[in-house]
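Visitor: Sequence and predicted structure below; questions after.
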Amino acid sequence: MERNNQEIMVSVCCLTYNHEKYIAQAVEGFVMQQTNFPIEIIIGEDCSTDRTRQILDGYASRYPDKIRLITSPSNVGANNNAVRVFKAVRGKYIAICDGDDYWTDPLKLQKQVDFLEQNEAFVMCGHYSKKISENNEIHYMNFNPTPLIYSFNDVMTENKTEISTLTIVFRNSAEIKKMYTADWFLKCNAPDRFIKLYTTFVSGKGIYILPETMSCYRMHPGGIWSSLKPRSLKQKELHDLHLIIKIFKYSWNQRIKLFALYIKKYFLFEVKERSLQGALGTMRTIL
């Protein structure tokens, strides 16, 4: 069978807005992938006001059999952009990388798909990643990577260190596809965390982290999260925690762990930002 007639194995999903300084490096990381299976690259370009669209039009013309560009006449917002990209995928697996980050290993997708094909106990495979500044200065890198395994509990309680979204490849099962049309997906502030939570919850499977560094996460003033002040960031995290409490079903042990996380990280903040009654209400909802 000819390669072009095979079913898509991996859909690479990229969300971008005003990334003209970085988008070329991201796309180069996609097209350099060496695989023994077909991939597609779906890029949601959210009506950037800089040259991001023009740069992507050039890549789409160069790789018409690989790159699909999703655009609109007006800005749709980060979550809606994610939904329209995810709804367009055809692959058995989904890989994610935003337009301001990039991959560094041409065998990244091959290694991750090989692992998932051989290990049904896992729904997602990630790897280690460097954190760099806008000037390419290294802010973080683990020089002694080891294999890691995470569960739903780990993601729920934020007991995780190496699970950056630009590293993940996950199974695009029928059950997981329901996430893209869920009302809560459009309401959350950090869709990447909810992807990890939902995939592990509905599948009952884990996340495996390969002991290799194969990508770079870029911190810069225009980043969605890095540009937020601490109070605004905490507000968004608290909002997402309330969604997490409502969306998923928990065992008593999981509720205790979620309660401990709330007390440690959010209780005093919610008392100050809202009220003591509001914080007590959150505690009652958890338990």
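Guide: Yep, that arrived.
Visitor: Give me the neighbour count for Ser151.
Guide: Counted by other C-beta atoms under 10 Å, the residues lying close to Ser151 total 16. C-betas here are computed from N, CA, C, even on glycine.
Visitor: OK, contacts around the spatially closest residue to it that is not a sequence neighbour?
Guide: Closest residue in space to Ser151, ignoring its immediate chain neighbours: Gly206 at 5.3 Å, by C-beta to C-beta, 6 or more residues apart in numbering. Going by C-beta atoms under 8 Å, 6 or more residues apart in numbering, Gly206 touches Ala121, Phe122, Val123, Met124, Ile149, Tyr150, Ser151, Thr200.
Visitor: 6 Å instead, please
Guide: Phe122, Ile149, Ser151 (C-beta atoms under 6 Å, 6 or more residues apart in numbering).
Visitor: Now Asn36: closest residue in space that isn't a chain neighbour?
Guide: The nearest residue in space to Asn36 (C-beta to C-beta, 6+ apart) is Gln110, at 6.9 Å.
Visitor: So which elements touch the strand or helix carrying that neighbour?
Guide: Using DSSP states H and E, Gln110 sits in helix 108-118. Applying 3 or more C-beta pairs under 6 Å, 6 or more residues apart in numbering; DSSP states H and E, one finds that helix 108-118 makes contact with strand 122-132.
Visitor: need the next SSE after the strand it packs on, C-terminal direction.
Guide: Next along from strand 122-132, by DSSP H and E: strand 138-140.
Visitor: which residues are contacting that following strand?
Guide: Applying C-beta under 6 Å, 6+ apart, the contact partners of strand 138-140 are Lys130, Lys131, Ile132, Ser133.
Visitor: Return the members of the residues you listed classed as buried.
Guide: Among these, those classed as buried by 16 or more other C-beta atoms under 10 Å are Lys130, Ile132.
Visitor: Confidence-wise, which of the contacts of strand 138-140 comes last?
Guide: Lowest pLDDT within the contacts of strand 138-140 is found at Ser133 (85).
Visitor: ok, now which ones touch it?
Guide: Applying C-beta under 6 Å, 6+ apart, the residues near Ser133 are His139, Met219.
Visitor: One more pass at 10 Å, please.
Guide: His139, Arg218, Met219, His220 (C-beta atoms under 10 Å, 6 or more residues apart in numbering).
Visitor: Gln54 too?
Guide: Glu20, Ser48.
Visitor: hang on, the earlier thing: just the buried residues of the helix holding Gln110, please?
Guide: Those would be Lys108, Leu109, Gln110, Lys111, Gln112, Val113, Leu116, for helix 108-118 by 16+ other C-beta under 10 Å.
Visitor: Identify, from those, the entry nearest to Arg171.
Guide: Comparing those against Arg171 with C-beta to C-beta places Leu116 closest, at 6.8 Å.
Visitor: Nearest spatial neighbour of the closest one, chain-adjacent residues omitted?
Guide: Cys125 (5.3 Å).
Visitor: For the one you found, give the beta-bridge partners.
Guide: Under DSSP bridges, the beta-bridge partners of Cys125 are Val169, Tyr208.
Visitor: so it sits right up against Lys196, yeah?
Guide: No. Counting by C-beta atoms under 10 Å, Cys125 stays clear of Lys196, with 11.9 Å between them.
Visitor: what pairs with the lowest-mean-pLDDT helix or strand in the chain, and is each one parallel or antiparallel?
Guide: Every helix and strand of the chain was ranked by mean pLDDT, DSSP states H and E. The lowest is strand 138-140, at a mean of 88. Next to strand 138-140 in the sheet, as set by DSSP bridges, lie strand 122-132 (antiparallel).
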